[in-house]
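Asks: Predicted model follows, preceded by the sequence.
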Amino acid sequence: MKIASVVINTSVKELDKKFDYMISEDMEDIIKVGMRVIVPFGLGNKLIDGIVVDIKEYSEGENLKYIYDILDEDIIIDNSTLDLAKQISNIYLCSYYDAIKLFLPFSNLKRTVLIKRLNFDEIYTDEYDFLNYLKNDYIQLEKIERLINKKIKKTQLIKLYKKGIIDVKEVLNKVVKPKKEVVIKVTDEFIVREFIEKNKQNKRLEKQISVLEVLLKRQEFVLLKELVDTLNVSSSTLKALLNKGLILKEYVEVYRNPIKDNYVYEKVVLNQEQENAIDNILSAYRNGKRVTLLFGVTGSGKTEIYINLIEKFLLEGYGAIVLIPEISLTPQTVERFKGRFGDKIAVLHSRLSDGERYDEWRRIYKGEAQIVIGARSAVFAPVKNLKLIIVDEEHEHTYKSEITPKYDARDIAKLRLENVNGLLILGSATPSIESYFKAKNGEYNLVEIHKRANKGVLPQVNIVDMRSELKKGNRSVFSQVLLEEIALNLEQRNQIILFINRRGHSTFVSCRACGYVAKCLDCDITLTYHYYNNSLSCHYCGKNYIIPSKCPKCKSQYIKYFGAGTEKVETEIKKYFPKARVLRMDMDTTRYKGAHEDIYRAFKNGDADILIGTQMIAKGMDFKNVTLVGIIAIDTILNLPDYKAAERAFQLISQVSGRAGRGEKSGKVIIQTYEPENPVIQFASFHDYKSFYEYEIKMRQLMNNPPFTDILYLLLTSQNEQELIKKSHELAQYFNDMTTSKDIEFLGPSPCYISKIKNVFRWNFVIKGNVKKYYANIYQIVYNLLNSSNISFTMDINPVSML
DNA sequence: AGCACGCCGACT
DNA sequence: GTCGGCGTGCTC
């Protein structure tokens, strides 16, 4: 008798271990390590899925149960990937199964409860009316609930089951399956030719003969769908042919293809700088430098370098992964890769349907696609002979997962490549401080490209002091200079982009008389006024409020609207330039699927003169005709209490500025700010990353922030504020005992910058020092203390945001 | 996390 | 004597 060790699908800490199950004889030859199985679990023998991680002859456990069934016909994860998952679970302190899940394309299984009636005594139907809908055949509980339009209580089901009135069973089903399509073929060529000859004149058999003729010509299985489309025949025609035994049908698996169009992207001749970069990367790689930071200004042709490197690796039989920040925002990049590599490339990202993702995953798994392009999660793709990973725009925060395990795709990439001695390329025009620091210290190979491949010139940037605008009596969101430039560019029929970091009309509403500020009742957030639905809305919980005509506190009439968002910019623009055609791109205008693309296309086609938008417009978009970019306000981003605020502001200014002057005409950028002397804005205006880096790295050192230390951010949340505060302080006591270690420092507890979201209160600790060493230790302390409380917690090393 | 078991009080 | 409330402890 063989025994299988199974890791079950759970993120519960107590269940995160191997459970042994017996393998029945009929499954002995089928079940392998790395296979998904269904097992009975717990006292109720509830069916649950898991992965076989070991097969052995003997188990310590008593009363072993049998594996119930297998889920896939073959293994879905190999041994080395299982090892990798184990490492990940240790690093990020998540369950083994949660780590394994990262490598799989499936979402959870669908659980269906089936129910049938065994006893038809009338006496029970008075109390349990749903019994009337049951037959002595299994039916889905969900269907009954829909019929009677209410939930059936579990306790009722158990009661009836025990009395022997009903039978209840549960099944687990896969949500996605391989897609099959019908193909047909002639059974016997000779007989078919004879049939056609004999019935040539028969008008009634015209359609049937047309099908047979195509099949004879093709000499192979042909997709039924294709015949139906091209010959305009119906299913009855084919049925007749099947009945006559002239054709036979079979099912073949087809892939659901997420990219419908066929792109062609011709090979480009590289310039000298690009050639040099590739030589440099490869020779460093041969000398053991397995990470290169490719620091290339916008437009320096990094993508061409990536493509060339991939081609080189492909020739040697190696696979590659390309990570890009967010696929939906950069469709052009995907098009370019698809155009160059065709079917060899697979696309993976969260917007795919489950079926599409499953099929792309399997194309990669089978080795049919050797290259993968995708967002963060694509770093886990089962690429065969993986030897190269490229992280484009490596500074982007989207590479860090915001759900547990809170991995950083760049770290996972390193981990994966370590085991196979592969090459990692981190590419950016504004590298993260951390990566550039490592490159300068020699930990990474550094390759820099300063010239733009298309000979374009970086736009000229002007900083406008909004304080002096105020002094001049200009209370509008636009400075005089910006208004003049907009007018000029409109006149010249150029396009304009206006960037503002907030959506909505006014970002806060307050009373001039008493200082009251409209806040969300459930969140510690000021409400934003939206013009389109004339309401105040909370951007954290989505709640809408009616606008008060009088101050709710002092009843005065002096309610005023402050701060500007995209809506306000739009209305103001329409006031100043009534003839200008304006498009707005923010969360409000891109709610429906494809809206983002539509606005992008419309602006690119020249259907509008001005595009107003939030962060969304900063990424990837390539508009040739934009000559003016206005950054309406940057100060709010710059002044957030977060050690990455300066870095983020610099990157944002650089990215938004990069939208100007991408075509023939040169571009201009105007930054409006209340602190024009701020060095971050100054450096950004000169496109001077290096000086910015020198400035920022000093700040990081001074404040003891990454990359000089690691930060462990501990967030505690609860609906019960009193208990939260009490437990937080209790935790501080425990942490106090640890600080004797000297290599670790605890800051807190303190309420978060946003101290309440959706009625959940938030407190935090910021822990600095050798946090990786103490991570598991700290986790255990927090877990033990909060285990039986109503307080939840999350931990994150070097988080993207600490608000 | 579920789920069953078991101990306790309330009630026909 | 039965029902249901929740505290406890286990899950191969």
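Replies: Structure received.
Asks: Point me to the residue of chain A nearest DNA strand B.
Replies: A:G44 (3.5 Å; Cβ to the nearest atom of the strand). Placement of C-beta: from N, CA and C, glycine included.
Asks: what about that residue, which helix or strand?
Replies: For A:G44, there is no enclosing helix or strand under DSSP states H and E.
Asks: low-confidence ranges in the stretch 151-300 of chain A?
Replies: Along the stretch 151-300 of chain A, segments meeting pLDDT under 70 span A:260-261.
Asks: Tell me if the helix or strand hosting A:D98 is near DNA strand C.
Replies: Taking DSSP H and E as the definition, one finds A:D98 inside helix A:96-101. No: judged by Cβ under 7 Å from any atom of the strand, helix A:96-101 stays clear of DNA strand C, getting no closer than 14.3 Å.
Asks: Is that helix positioned near DNA strand B?
Replies: No: judged by Cβ under 7 Å from any atom of the strand, helix A:96-101 stays clear of DNA strand B, getting no closer than 13.0 Å.
Asks: Rounded mean pLDDT for that helix, please.
Replies: Averaging pLDDT along helix A:96-101 gives 94.
Asks: Geometric centre of chain A: which residue is closest?
Replies: A:S350 (5.3 Å; Cα atoms, centre = their mean).
Asks: How about the contacts made by that residue?
Replies: A:A375, A:S377 (Cβ atoms under 8 Å, 6 or more residues apart in numbering).
Asks: and it, what helix or strand is that in?
Replies: Using DSSP H and E, A:S350 falls outside every helix and strand.
Asks: before we move on, what about the one 10 residues further on?
Replies: Element membership for A:E360 (DSSP H and E) is helix A:354-365.
Asks: neighbours of the residue of chain A closest to DNA strand B, just the number please.
Replies: Look at A:G44: counted by other Cβ atoms under 10 Å, it has 9 neighbours.
Asks: Can stretch A:43-58 be said to contact DNA strand C?
Replies: Yes: contact of stretch A:43-58 with DNA strand C (Cβ under 7 Å from any atom of the strand) involves A:L43, A:N45.
Asks: if we look at that stretch, which residues are touching it?
Replies: A:1-10, A:18-19, A:23, A:31-41, A:65, A:68, A:71, A:76-77, A:82, A:96-97, A:100, A:109, A:170-172.
Asks: any idea of the mean pLDDT in it?
Replies: pLDDT averaged over stretch A:43-58 gives 91.
Asks: Where is the longest strand in chain A?
Replies: Longest strand of chain A, by residue count under DSSP state E: strand A:744-757.
Asks: Give the partner strands of that one in its sheet and their orientations.
Replies: strand A:760-769 (antiparallel) (DSSP bridges).
Asks: Show me how far the partner strand is from its chain's centre.
Replies: In terms of Cα atoms, centre = their mean, to the nearest Å, the centre of strand A:760-769 is set 25 Å apart from its chain centre.
Asks: CA atoms of that strand as CSV?
Replies: Provided in CSV are the C-alpha atoms of strand A:760-769 (Å, rounded to 0.1, in the frame of the first residue of the first chain):
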residue,chain,number,x,y,z
VAL,A,760,-12.2,49.4,10.6
PHE,A,761,-9.6,51.2,12.8
ARG,A,762,-6.0,51.0,11.8
TRP,A,763,-2.8,51.1,14.0
ASN,A,764,0.7,50.2,13.0
PHE,A,765,4.3,49.5,14.0
VAL,A,766,7.2,50.4,11.8
ILE,A,767,10.1,48.0,12.6
LYS,A,768,13.6,48.8,11.2
GLY,A,769,16.8,46.9,11.2
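Asks: right, is the helix or strand following that strand up against DNA strand B?
Replies: Toward the C-terminus, strand A:760-769 is succeeded by helix A:771-786 as the next helix or strand (DSSP H and E). No: Helix A:771-786 does not reach DNA strand B (Cβ under 7 Å from any atom of the strand); its nearest approach is 10.1 Å.
Asks: One more: stretch A:166-179?
Replies: No: using Cβ under 7 Å from any atom of the strand, stretch A:166-179 stays clear of DNA strand B, coming no nearer than 8.5 Å.
Asks: which SS state does A:R502 fall under?
Replies: coil (DSSP: H, G, I helix; E, B strand; the rest coil).
Asks: got the residues of the stretch 101-250 of chain A near DNA strand C?
Replies: So the stretch 101-250 of chain A meets DNA strand C at A:T155, A:K159 (Cβ under 7 Å from any atom of the strand).
Asks: how about the strands in the stretch 101-250 of chain A?
Replies: Along the stretch 101-250 of chain A, the stretches classed as strands by DSSP state E, counting those that start in this stretch are A:110-117, A:139-140, A:166-173, A:179-186, A:222-223, A:247-254.
Asks: Dump those strands into TSV; add mean neighbour count and distance to A:F341 as well.
Replies: TSV is the format used below for those (neighbours: other Cβ atoms under 10 Å; distance: least, Cβ to Cβ, whole Å):
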stretch	mean neighbour count	distance to A:F341
strand A:110-117	16	35
strand A:139-140	14	44
strand A:166-173	15	35
strand A:179-186	16	23
strand A:222-223	17	25
strand A:247-254	14	21
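Asks: want to try JSON lines for these, with distance to A:E664 as columns?
Replies: Formatted as JSON lines, the strands of the stretch 101-250 of chain A follow (distance: least, Cβ to Cβ, whole Å):
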{"stretch": "strand A:110-117", "distance to A:E664": "55"}
{"stretch": "strand A:139-140", "distance to A:E664": "63"}
{"stretch": "strand A:166-173", "distance to A:E664": "58"}
{"stretch": "strand A:179-186", "distance to A:E664": "47"}
{"stretch": "strand A:222-223", "distance to A:E664": "47"}
{"stretch": "strand A:247-254", "distance to A:E664": "45"}
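Asks: Pull the distance from the longest strand of chain A to the chain's centre.
Replies: The answer for strand A:744-757 is 27 Å, by Cα atoms, centre = their mean.
Asks: same deal with stretch A:307-324?
Replies: 23 Å.
Asks: Then stretch A:616-623?
Replies: For stretch A:616-623, the distance to the chain centre is 18 Å (Cα atoms, centre = their mean).
Asks: mean confidence for it?
Replies: 78.
Asks: buried ones in that stretch?
Replies: Across stretch A:616-623, burial judged by 16 or more other Cβ atoms under 10 Å covers A:M616, A:I617, A:A618, A:K619, A:G620, A:M621, A:F623.
Asks: and the closest residue to DNA strand C within the stretch 301-450 of chain A, which of the three is it?
Replies: Nearest residue of the stretch 301-450 of chain A to DNA strand C: A:T404, at 19.5 Å (Cβ to the nearest atom of the strand). The local conformation at A:T404, judged by three-state DSSP, is coil.
Asks: So it is in contact with A:S95, correct?
Replies: No: between A:T404 and A:S95 there is no contact under Cβ atoms under 8 Å: 9.3 Å.
Asks: what residues are shared contacts of these two?
Replies: In contact with both A:T404 and A:S95: A:S11, using Cβ under 8 Å, 6+ apart.
Asks: So for the two, which residue has more residues nearby?
Replies: A:S95 (22 against 15).
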